[in-house]
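# Fold the following, please.
(4 chains)
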Amino acid sequence: MKLTPDEFLICTLADLIGPVRHVAVGAASPIPAAASLLAQAEASSRMDVTILHSRRHNRFTDGGVELFDCAGEGRIDVFFLGGVQIDGEANINLVGTGDYPTVQRRFPGSFGSAYLYFTIPRVILFRADHDRRTLVPKVDFISAPGWSPPEIHRPGGPEVLVTNLAIMRFDRIRHRFSLDSVHPGHSVEEVLDRTGFEMHLPPQVKITSLPEPSRLSLLRDRIAGRLEESYPAFARHAFAQPELA
Amino acid sequence: MKLTPDEFLICTLADLIGPVRHVAVGAASPIPAAASLLAQAEASSRMDVTILHSRRHNRFTDGGVELFDCAGEGRIDVFFLGGVQIDGEANINLVGTGDYPTVQRRFPGSFGSAYLYFTIPRVILFRADHDRRTLVPKVDFISAPGWSPPEIHRPGGPEVLVTNLAIMRFDRIRHRFSLDSVHPGHSVEEVLDRTGFEMHLPPQVKITSLPEPSRLSLLRDRIAGRLEESYPAFARHAFAQPELA
Amino acid sequence: MAGQTLVAAVILIEGEPPQVIEAATLDDLAGRIAPGSLLAIPADYGGVAMALTRAIIRQRNRGLRLLCVPTSGMQADLLIGAGCVASIETSAVTMGELGRARCFGRAVERGEIVIRDTTCPAVHAGLEAAEKGIPFMPLRGLIGSDVQRYRYDWQIIQNPLATGPDPIVILPAIKPDIAIFHAPAADEEGNIWIGRRRELALMARASKRTLVTVERIRPGSFFEQESTAAGALAGFYIDAVAVAEHGAWPHGLSDLYPPDLPHMQSYVEASKSPEGLLTYLDRFVFEAAAVPA
Amino acid sequence: MAGQTLVAAVILIEGEPPQVIEAATLDDLAGRIAPGSLLAIPADYGGVAMALTRAIIRQRNRGLRLLCVPTSGMQADLLIGAGCVASIETSAVTMGELGRARCFGRAVERGEIVIRDTTCPAVHAGLEAAEKGIPFMPLRGLIGSDVQRYRYDWQIIQNPLATGPDPIVILPAIKPDIAIFHAPAADEEGNIWIGRRRELALMARASKRTLVTVERIRPGSFFEQESTAAGALAGFYIDAVAVAEHGAWPHGLSDLYPPDLPHMQSYVEASKSPEGLLTYLDRFVFEAAAVPA
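Numbers count the residues shown, from 1 in each chain, chains lettered A, B, ... in the order given. As a prediction, the model looks like this:
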């Protein structure tokens, strides 16, 4: 069965989200958005999905602040963050490379990360490009730190980092990633070779599971179309053609 | 021409309001509400009137907090407060008489006075019953103080006290009232005799002016009906019958 | 499994999350309010859940700590008169044009309930702090009032950003256990139409649980159109909904029905004595036929 | 005098305050924005006043200090590319799915504009403080980020209500000189229909002046019905209104029209070089026929 890389990542993220009360997805995150809608479709009990910048999948009525208020109160369970750079302590950089402020290459900015990384219990870091330019020993700019000293009020933080090669769990005690599973077709060596930071290597590293055909049908038939409002270009190219019935 | 005491007070308050950007009226204030609508009807340029607890004369859409936010930002020019007790330093008591908290006689409570008295530049104190039980040497409970030490941020405060007998201006430097005018049919001696606090007596005390017949027509024909939503009982009894054309 | 997926698919075609409303009864809702709860109730102009209030009294709830947002009238007075209340934090309790709130007055004068006097914006600020997950909110004014003097939980600090002396009060977050209110409608997803009564959203978002009574449950979702979305409160803030037609009576509701002033006047008369109040309770709360004429 | 009273009376019969809207032109509005103003602009999902933005550029405004609430896209990028901007406070500038904001990127990389990096809720909190007239708002998070480290105007204090160590950031109020946005409609009283885009209300209430463009001015008042009142913003926050049909183009507006993605894609291509940007400006900003196809 044909499976696009985006479809695989969507299903992988959906597994990591699991059944929760409320998952929210920020700007420029088509794959997390699709994964959240898939997890919702598969949930057996009520699950809310908020896709910011969407009208249809967004039930906030108090303007842009409501997501942050909700997060501050612990009402959002899962959120996604990425990074131009991510380092081994899970610090993320969304601002640029080189010396701040006149960086070598400027990226959009930190968005809500400097707050949401602290307040949402389970933050899933997602970055499709697993390479040493992205996964660096030390980020050039800390948009949001991966961990905080104990006196800092911080109910939230990183849970896992997902790339096009692997799933790495973040150890909040040791402040380091641990390789959890490698995607089919890739090896532990390849992952380590393309990672710029040190990470823990457990005795057993799993292989990330592939989605069932029925799940792919659900994704293509029911989820893909719902992304068009927010991510029209992504919705056009990310999915394989649905199988004919 | 027949003139009810309420009509006289409404016109007197309307004169004191004058043409402003925005006057707001709180709970249980039918005479200030009518005065504000009258002042608005007589204003030559835009003037907003907000009557809390009214749907028709209230354009706040952010819930109960919006009045206070507006006041905090200096967007409300005039407001009305009353008091079970008012003393010579313009302290007001809306809570009760006797020792707090198990007062002898409990009244509703301070409402927003402990905030609005500080933030709204021109607060008009209004209390129909001019007697020594109301205008006391020292209030039993300070719902809101009449003045504050200079280090306290306080753009607002009392401007004038209006009763069924007189208009007394508050001197914000000397923290005392000064008798400004006495209503027709009453005397300076009567005012002083029925006031429980000391006030300044200038060489000249005016007589409060009576409203023109045209103004009364405007009030009875156009304003009275608009009070029914918020003050049905008041709207029924406060006004003399409109003159027939 | 295939059937389960199909159900999900059907729902997804509609673009809706799973339908969640189960129309609970008033007694279900009242039963979720543990004795001693910090209970947030809206002002008279909001949406007062009077039918639910009567159910609470019938269940003989005790020790409630009322938080009025920011004032109350007959709802607080009735709960106090019925003996359900241990304490009240409020900017005012009043029957408005109809007079004083007599049960409230008696209970305070006799020291039968604990009174925590506050001022309207302080209630809002405390709830906003809870809504935002911040520990406190600053508020201007207050200093030098006896309201502030008796509130040992409020604190005066120097404004850290000021260069000269600038004392300012900071108010701790107020996080009610439960908020209750009445609204014109819920939709099938459990969203509530509150219109411009946004303090109801504030109450719901600040509170641990929110119980709502509505006039009706309408099909579909308020979020299908921007025009109805604007006045909605998302269902994820709501824990249970019950239908209660005329549920605000004898209060009015939005533009749907006006207050029943003759009834409220008769309540004010009855409440002037404890005996009168008991007669009122028997007739309009404990007897089943407590519906508007 | 009698005539004047009569006019007032006629208005009062309708229960309306005096009509205040004078339909200003885009150039009138742009002319009210002094060079160097602290200018608040909404995020792309709000209501972006693009027609007004083009008028601002045509008037060759300079030295603007942009405040993005809390992010921006083509609006900030275009203003920067046209040389109107001295500094920008923002959580992000991005063209979303279409790519990076190139003028913004170039200007920051070359140090041509001052960048004040922030994070979304800090923008909201600063505006909320201004809206409330309080000097600061506390906000969780932030500590240990470089966003916080470079913001010398933010301050870390010990939470005065905590018993143990509890550092928290306090953010000063942000009071823009002017807010500009585009909305579906105004009514004759000058009230604006913003629907659930409440951050537009926040911008208007926090700012000293607010200039709004709308698709149309409709008769009557949004406040005549509770259903339309819920999505309205009172006219007393608004200083001037101009009609600009398709005024958000090439951005979309609410459920009225979608973004013009081919045009925005062509903008992203053009903006990849300063020369391309100038060509774009000539064609779509300085030439009169800059209207959607």
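
# so after the helix or strand containing residue C:138, what's the next helix or strand?
Applying DSSP states H and E as the criterion places residue C:138 in strand C:136-139. Note on strand C:136-139: by DSSP H and E, the next helix or strand toward the C-terminus is helix C:146-149.

# How far away from the center of its chain is that following helix?
Here the centre of helix C:146-149 is set off from its chain's centre by 25 Å, with C-alpha atoms, centre = their mean, to the nearest Å.

# coming back round to it: in its sheet, what does the strand holding residue C:138 sit against?
Strand C:136-139 has the following sheet partners, assigned by DSSP bridges: strand C:167-172 (antiparallel).

# What residues of the partner strand count as buried?
C:167-172 (16 or more other C-beta atoms under 10 Å in any protein chain shown). The C-beta positions use only the backbone N, C-alpha and C, and glycine is treated the same way.

# Using CSV, write out every CA atom in that strand.
Extracted C-alpha coordinates of strand C:167-172, given in CSV (Å, rounded to 0.1, in the frame of the first residue of the first chain):
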residue,chain,number,x,y,z
PRO,C,167,1.3,51.7,45.9
ILE,C,168,-1.1,49.3,44.2
VAL,C,169,-3.3,46.5,45.4
ILE,C,170,-2.8,43.0,44.0
LEU,C,171,-5.7,40.6,44.3
PRO,C,172,-5.3,36.8,44.4
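
# chain center to that strand, what's the gap?
Put simply, strand C:167-172 sits 25 Å off its chain's centre (C-alpha atoms, centre = their mean).

# And the next helix or strand past that strand?
Downstream of strand C:167-172 (by DSSP H and E), the next one is strand C:178-187.

# what ranges do the helices span in chain A?
Assigned by DSSP state H, chain A shows helices spanning A:5-17, A:30-42, A:65-72, A:113-119, A:188-193, A:213-218, A:232-237.

# Let me know whether the lowest-mean-pLDDT helix or strand in chain A sits next to chain D.
Least confident helix or strand of chain A, by mean pLDDT, DSSP states H and E, is helix A:232-237 with a mean of 88. Yes: residues of helix A:232-237 contacting chain D under C-beta under 8 Å from any C-beta of the partner chain: A:232-234.

# The strand holding residue C:138 - what's its average pLDDT?
What strand C:136-139 shows for mean pLDDT is 98.

# So what touches it?
Taking contacts as C-beta atoms under 8 Å, 6 or more residues apart in numbering or on different chains, the residues outside strand C:136-139 that touch it are B:115, C:121-122, C:125-126, C:128-129, C:155, C:159, C:168-173, D:134-138, D:159-161.

# try it again with 6 Å
The contact list for strand C:136-139 (C-beta atoms under 6 Å, 6 or more residues apart in numbering or on different chains) reads C:125, C:128-129, C:168-172, D:134, D:161.

# what does stretch A:174-182 give?
Here stretch A:174-182 makes contact (C-beta under 6 Å, 6+ apart) with A:88-89, A:147, A:166-171, A:188, A:191, A:199-202, A:205-206, A:208.

# for the stretch 101-250 of chain C, what spans make up the strands?
C:114-117, C:136-139, C:155-158, C:167-172, C:178-187, C:192-193, C:209-218, C:232-233, C:240-243 (DSSP state E, counting those that start in this stretch).

# and those, which is most packed in?
Greatest average neighbour count among the strands of the stretch 101-250 of chain C goes to strand C:232-233 (a mean of 27), per mean count of other C-beta atoms under 10 Å in any protein chain shown.

# Who are the packing partners of that one?
Helices and strands touching strand C:232-233, by 3 or more C-beta pairs under 6 Å, 6 or more residues apart in numbering or on different chains; DSSP states H and E: there are none.

# Parallel or antiparallel, which strands does it pair with?
Sheet pairing of strand C:232-233 (DSSP bridges) gives strand C:192-193 (antiparallel).
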